[in-house]
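> pasting the sequence and the predicted coordinates here, then a few questions.
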Amino acid sequence: MGFQARDLEPVYAQSQAGGSVQELLRSKKLKRNILYILLLMICITAPLALAQNKSRAISEPGKISGITEKTPVISSSAEMECSLYYSDPSGDNTLSAGESAAIKVLVINKSSQGVIEPKLEIAISSSWAPTPRISVKLMDKVGPGEIGTYKASMNWDKQLPSGSITYEVKAIDKKSGLATEPARLVFQISGQGNETAQPLFVDVDQAIPKTAWSNLDAIAVVIGNRNYPNPDMPDVEYAVQDAATMKKYLVNMLGYRESNILYVENAGKADFERIFGTREVVEGKLYNWVKAGKSDVFIYYSGHGAPDMNNKKAYFMPSNSDPNYVQIDGYPLDIFYQNLDKLPAKSITIVLDACFSGGSQQGMLIKNASPVYIDVAMPVFGEKFNLFTSASSDQVASWYPDGNHSLFTYYFLRAIRGEADANRDRQVTVSEMNTFINENVPYMARRLYGREQTPVIKGDLNGVVCRY
């Protein structure tokens, strides 16, 4: 629903570090009640320029029922100020039926000189799941006197229980390490949810439908990287199973010829370069297999991805890679996208069941590091591209042991089996895939692991993925 936020009342925390970045964030709508933690589902959408004059007056903290304020900590040298705001349409500090609440964080660089690089450390917990979930959001560099804004929203859902949500944030200057005291607020939820029915289970490996759809010129690349011999990298338990089953669905349901599928288990870097090309040589094996203007291309990858901590770029992690040398051993995601953009294909569908935050189901890939948000610079795709990714850039892609697959791939397969066909016209569109996947994956990630996983789907929403 639309939401016009009223004047927001702040909770302040002041300190020795200064910062301001301008990012606008929104949360995805929470779909179900959870037995673990209710969280704001936040994704970065766009920078928001809010540079202000250094002489801007700052009002005193307001008071809100249910909000705990921190006593300001003030430095006489470089100063940073972090203010936290909450608002709901009724103004009663309670998220009620049909409402959407707004949360805003201002980070102010009060120093007269010196640029800072702030990040926000956000901890969210609830009365029924008191263990907080902590996430980190990076911000742009901020000059003296500038202000950065972070915005998030949360929608009421009928499955939510009644209780309270605690939202705590502190700003940290990455350069100096100085941080504000946490600003903390508590708001209420007037919910109806109590217990959730057991989700329906479907064995996606059995009785795979066979359609009459024939796509003789279509080309596919299917890669499942399960085994990572490097002792610092955990295996991806279900990656080969994911890839093998995806290949069966391509043949049985999407009409691909098996001889037109480049299928690789535990691909090394040479496999990636041979198939997709390099920065210097675009014409890899995939390029040479495509019939110009005739071939639909489908690419599926299940395995590790990782960020390079220095250049902040994302990479596929080949089976023989070392996570401490990502830039050398990894295959760059930006080159992957750039080379695909040069394919003379009729259409290109990309399905990536991997996360690029540095985290994994079994822990961090890079020792002594925290998950990092990597803003992957993707080319401006034309209408021929559809992109499905298993999680947002700062999230972990989860497994689904009961389904013997990754969580995202499991629901992707269920979607193209026909479960996503909402209007029952015997074809599944990108829009229907988006609805089905995002109604199930985020909920199951919270239910199984108490964390957020929000698949990202882009492309021609009316495009047909499967007919059956």
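Thanks, I have it. Predicted model, so just to flag it, every value in this text is computed and none were measured.

> show me the domain layout of the protein.
Following automatic domain parsing, the chain resolves into domains at 9-189, 219-467.

> quick one: mean pLDDT over the longest one.
On average, the pLDDT along domain 219-467 is 88.

> next one: it to chain centre, how far?
The gap between where domain 219-467 is centred and where its chain is centred comes out at 13 Å by Cα atoms, centre = their mean, to the nearest Å.

> that domain spans what distance, first to last residue?
One end of domain 219-467 to the other measures 17 Å (Cα to Cα, to the nearest Å).

> circling back to that earlier point, nearest to residue 204, of the domains of the chain?
Proximity to residue 204 (Cβ to Cβ) singles out domain 219-467 among the domains of the chain, at 4.3 Å. (Glycine included, C-beta is placed from N, CA and C.)

> what is the burial count for residue 231?
Residue 231 has 6 neighbouring residues, counting by other Cβ atoms under 10 Å.

> ok so, going back, want to throw the domains of the chain into CSV with distance to residue 206?
Converted to CSV, those look like this (distance: least, Cβ to Cβ, whole Å):
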stretch, distance to residue 206
domain 9-189, 26
domain 219-467, 10
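
> what about those, which gets the closest to residue 208?
Residue 208 lies closest to domain 219-467 among the domains of the chain, at 4.9 Å (Cβ to Cβ).

> span of stretch 407-426 from start to end?
Start and end residues of stretch 407-426 are separated by 25 Å (Cα to Cα).

> mind listing what's buried in that stretch?
Buried residues in stretch 407-426, counting neighbours by 16 or more other Cβ atoms under 10 Å, are found at 407-421.

> what residues are up against the residue nearest to residue 467 when sequence neighbours are not counted?
Leaving aside its sequence neighbours, residue 467 sits nearest to residue 427 (Cβ to Cβ, 6 or more residues apart in numbering; 4.5 Å). Counting by Cβ atoms under 8 Å, 6 or more residues apart in numbering, residue 427 touches 421, 464, 466-468.

> now do 10 Å
Contact partners of residue 427, counting by Cβ atoms under 10 Å, 6 or more residues apart in numbering, are 213, 418, 421, 464-468.

> and it, how far is that from residue 93?
With distances taken as Cβ to Cβ, to the nearest Å, residue 427 is found 46 Å from residue 93.

> wait, isn't residue 93 in contact with residue 99?
No. Between residue 93 and residue 99 there is no contact under Cβ atoms under 10 Å: 11.4 Å.

> in what helix or strand does residue 247 lie?
Assigned by DSSP states H and E, residue 247 belongs to helix 239-252.

> element containing residue 408, please.
In the assignment (DSSP H and E), residue 408 maps to helix 407-414.

> against which helices or strands is that helix packed?
Applying 3 or more Cβ pairs under 10 Å, 6 or more residues apart in numbering; DSSP states H and E, one finds that helix 407-414 contacts helix 239-252, strand 296-302, strand 347-353, strand 385-389, strand 399-400, strand 405-406, helix 430-449.

> swap the cut-off to 7 Å and go again
The helices and strands touching helix 407-414, judged by 3 or more Cβ pairs under 7 Å, 6 or more residues apart in numbering; DSSP states H and E, are helix 239-252, strand 347-353, strand 399-400, helix 430-449.

> counting by contacts, list what the third one packs against.
Taking 3+ Cβ pairs under 7 Å, 6+ apart as contact, the helices and strands that strand 399-400 lies on are helix 407-414.

> between strand 296-302 and the helix it packs on, find me the angle.
140 degrees (axes from the mean of the first three to the mean of the last three Cα atoms, to 10 degrees).

> re earlier: neighbouring contacts of the helix holding residue 247?
Applying Cβ atoms under 7 Å, 6 or more residues apart in numbering, the contact partners of helix 239-252 are 204-205, 208-210, 220, 222-226, 256, 258, 261, 263, 265, 298, 300, 302-303, 353, 404-406, 409, 413, 416.

> how about it: buried residues?
Buried residues in helix 239-252, counted by 16+ other Cβ under 10 Å: 239-243, 245-247, 249-251.

> now swap in stretch 429-443 and tell me
For stretch 429-443, by 16+ other Cβ under 10 Å, it's 429-438, 440-443.

> what about the closest residue to residue 152 other than its chain neighbours, which helix or strand?
Distances taken as Cβ to Cβ, 6+ apart place residue 103 nearest to residue 152, at 4.6 Å, with adjacent residues excluded. Using DSSP H and E, the element containing residue 103 is strand 100-109.

> what's that strand packed up against?
Helices and strands touching strand 100-109, by 3+ Cβ pairs under 7 Å, 6+ apart, are strand 80-87, strand 147-155, strand 163-173.

> please redo it, this time with the cut-off set to 8 Å
Contact here means 3 or more Cβ pairs under 8 Å, 6 or more residues apart in numbering; DSSP states H and E; on that basis strand 100-109 packs against strand 80-87, strand 118-126, strand 147-155, strand 163-173.

> quick check: buried residues in the longest one?
It stands for strand 163-173. Residues of strand 163-173 classed as buried: 164-173 (neighbour count, 16+ other Cβ under 10 Å).

> quick check: mean pLDDT of stretch 153-172?
pLDDT averaged over stretch 153-172 gives 78.

> now do it: distance from first to last residue.
Using Cα to Cα, the distance between the terminal residues of stretch 153-172 is 22 Å.

> what's next to stretch 460-468, contact-wise?
Under the criterion Cβ under 8 Å, 6+ apart, residues 209, 211, 213, 253-254, 347, 349, 383, 386, 415-418, 421, 426-431, 433-434 lie in contact with stretch 460-468.

> and it, how far from the chain's centre?
The chain centroid and the centroid of stretch 460-468 are separated by 23 Å, computed with Cα atoms, centre = their mean.

> now do the end-to-end distance for it.
End-to-end span of stretch 460-468 (Cα to Cα): 20 Å.

> and it, what's buried?
Buried residues in stretch 460-468, counted by 16+ other Cβ under 10 Å: 460, 463, 465-468.

> all helices of the chain, in order?
For the chain, helices defined by DSSP state H occupy the ranges 239-252, 269-276, 285-289, 326-329, 333-340, 407-414, 430-449.

> quick one, phi/psi of residue 113?
Residue 113 adopts backbone torsions of phi -150, psi 160, taken as degrees, to the nearest 10.
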